[in-house]
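1. generate coordinates for the sequence data below:
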Amino acid sequence: MMARLYSVREMPWRRYALAPTLTVLTLLTALSLWSLPGQAEEALLGRNVDDLLRYAREHNPDLRSRQLDAEALRERIEPASALPDPKFQVELMDFTNAMTPGKSTSLAPGDVGTTRYRAIQSLPFPGKRGLKGEIAEAQAGQSDTLRDSTRLEVDAQIRTAYARYFLAAGQARIQRETLQLIQALKHLVLQRYSVGIAPQQDAVQVQGESTRLKVDLLDSERNRREAAALLNALLPRAADAPLAEPAALPPIPKPPSLSQLFERARNASPDMGREQLGITAAEKNRDLTYLNRYPDFTLALTNNRPRSASIGPDTWDFMVEVNIPLQQSSRRAQEREAERRLESARERVSAAESRLNGQLGITLAALEASLDKARLLRETLLPQARATLDAAQAGYESGRVNFNTLIDAERQILRTRLALLDAEVDASVRHAALEKLLGAPL
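-> Have a look, this model is predicted:
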């Protein structure tokens with residue numbers, strides 16, 4: 001009986017010898033991935049837009065800067081409504097000691113004729129401190145809305161960049177699939193040409209079509225790299241940081257009517273909120289200006305201490321100081337300025353509402369048009385193009401149609417698929433712009 005000869009790959013001992021090694025390698029790989037969770041997570045960025053938005057909100061410096069500005073303005077509220085700091089004075093009466101024979105000049109408290117210790121506190125007219133705090137709060141609220149506007153702007157930019165990235169990746173995918181179809185057609189044409197059924201022109205034409213698709217694929221790959229670099233810059237990451245293949249565009253719900261969108265935007269839009277807070281700040285500033293007609297006060301409490309008790313006991317003085325609002329013409333001018341600023345703030349709100357309504361109308365019309373176009377391409381034109389291609393391919397194989405008809409059918413389905421992708425991406429971009437204007441998810 002002949003012994004069986006094993007090849008190197010078939011030797012039984014290799015199965016048992018390699019098993020521990022593979023197990024160790026597997027464990028080391030798992031440990032290395034577990035020890036680098038940030039890198040593993042970062043490498044997965046790009047599959048969906050939600051992960052990109054979360055990453056940007058944690059790392060984007062513009063958002064962080066706006067957040068810090070908002071926090072800084074919030075710290076102004078308490079100081080704005082606080083009392084002025086009190087003052088303390090020490091007054092040396094007769095520091096030359098002219099009234100005390102035998103004493104020389106001195107600057108030491110208690111070694112002069114009389115030492116006065118005075119505490120002074122300024123008191124604004126009632127209501128002024130509260131108005132100053134409310135003005136500071138309104139200004140801090142405006143900074144909050146500016147932070148929210150920046151977040152919406154960054155979100156819209158990332159959504160748009162992701163849609164462009166999805167477009168470039170989708171174009172490359174469609175072109176690769178079409179190139180595979182052309183390669184299959186090329187094989188069929190060359191077979192028919194080799195047996196004399198197809199003319200040489202068909203073979204030359206299918207090779208030219210294949211080359212044209214390869215050139216278009218190079219352009220799509222370049223667009224994909226550019227879109228990835230822009231997306232990384234918005235996150236921010238290195239321009240050449242790896243991104244995963246985009247999985248899908250975010251779903252787009254049916255948009256409500258323009259009037260419903262406008263009402264929601266008036267309440268949710270940070271831009272509108274900032275203008276409304278501008279009215280609040282202007283109203284409080286006007287009220288504060290009118291309160292400047294009334295005087296502020298200063299209270300002072302003084303302790304008079306003679307050099308010695310033999311001269312006399314300690315005495316106490318109390319003082320009330322009132323500033324006189326005498327310059328009435330100046331105050332009337334300040335009041336007129338405050339009124340004009342309030343009117344200007346109200347006009348800015350009206351202008352912002354008109355501008356918002358127009359932008360919502362334009363964006364909504366574009367979104368609905370893109371959705372209708374995508375629906376028509378997906379449900380009508382694309383099935384027709386596929387049916388035409390199938391019929392043309394069957395006809396060419398049976399010799400009933402020429403090769404030009406087959407190539408035209410192939411080009412038609414390619415154009416239709418690219419047009420559908422472009423319409424879906426445009427709808428996603430319009431959706432992002434609409435949510436930015438709205439200030440909230442659609």
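2. next one: residue 290 from residue 325, what distance?
-> 11 Å (Cβ to Cβ, to the nearest Å). All C-beta spots, glycine's among them, are computed from the backbone N, C-alpha and C.
3. OK, contacts around residue 304?
-> By Cβ atoms under 8 Å, 6 or more residues apart in numbering, the residues touching residue 304 are 114, 115, 116, 314, 315, 316, 317.
4. the fourth one: neighbouring residues, count only.
-> Read it as residue 314. Neighbour count for residue 314, taken as other Cβ atoms under 10 Å: 12.
5. just the element for residue 162, please.
-> helix 128-194 (DSSP states H and E).
6. rounded mean pLDDT for the helix or strand following that helix, please.
-> Sequence-wise, the next helix or strand downstream of helix 128-194 (DSSP H and E) is helix 200-234. In this model, helix 200-234 carries a mean pLDDT of 88.
7. go through the helix or strand following helix 200-234 and flag the buried ones.
-> Downstream of helix 200-234, the first helix or strand assigned by DSSP H and E is helix 258-268. Of the residues in helix 258-268, those with enough neighbours to count as buried (16 or more other Cβ atoms under 10 Å) are 261, 262, 264, 265, 266.
8. all the helices of the stretch 251-400 of the chain, residue numbers only.
-> 258-268, 270-291, 328-376, 382-398 (DSSP state H, counting those that start in this stretch).
9. who are the packing partners of the longest one?
-> On a contact count with 3 or more Cβ pairs under 8 Å, 6 or more residues apart in numbering; DSSP states H and E, helix 328-376 meets helix 258-268, helix 270-291, helix 403-438.
10. identify whichever of those lies nearest to residue 191.
-> For residue 191, the closest of those is helix 403-438, at 13.1 Å, according to Cβ to Cβ.
11. orientation of the closest one relative to helix 382-398 in degrees?
-> 160 degrees (axes from the mean of the first three to the mean of the last three Cα atoms, to 10 degrees).
12. any low-confidence regions in the stretch 301-442 of the chain?
-> For the stretch 301-442 of the chain, the stretches with pLDDT under 70 are 309-310.
13. run a quick neighbour tally on the closest residue in space to residue 371 that isn't next to it in sequence.
-> Spatial nearest neighbour of residue 371, excluding adjacent residues (Cβ to Cβ, 6 or more residues apart in numbering): residue 427 at 5.2 Å. Neighbour count for residue 427, taken as other Cβ under 10 Å: 23.
14. residue 427 touches residue 377, doesn't it?
-> No - contact criterion Cβ atoms under 8 Å: residue 427 and residue 377 do not qualify, at 11.4 Å.
15. contact partners for the residue lying closest to residue 131 once chain neighbours are set aside?
-> What sits nearest to residue 131 in space, not counting adjacent residues and going by Cβ to Cβ, 6+ apart, is residue 288, at 4.3 Å. Shown in contact with residue 288 (Cβ under 8 Å, 6+ apart): 128, 131, 132, 135.
16. just put those residues in CSV and tack on distance to residue 433, neighbour count and pLDDT.
-> Converted to CSV, these look like this (distance: Cβ to Cβ, whole Å; neighbours: other Cβ atoms under 10 Å; pLDDT from 0 to 100):
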residue, distance to residue 433, neighbour count, pLDDT
128, 45, 17, 92
131, 39, 21, 94
132, 39, 20, 93
135, 34, 22, 93
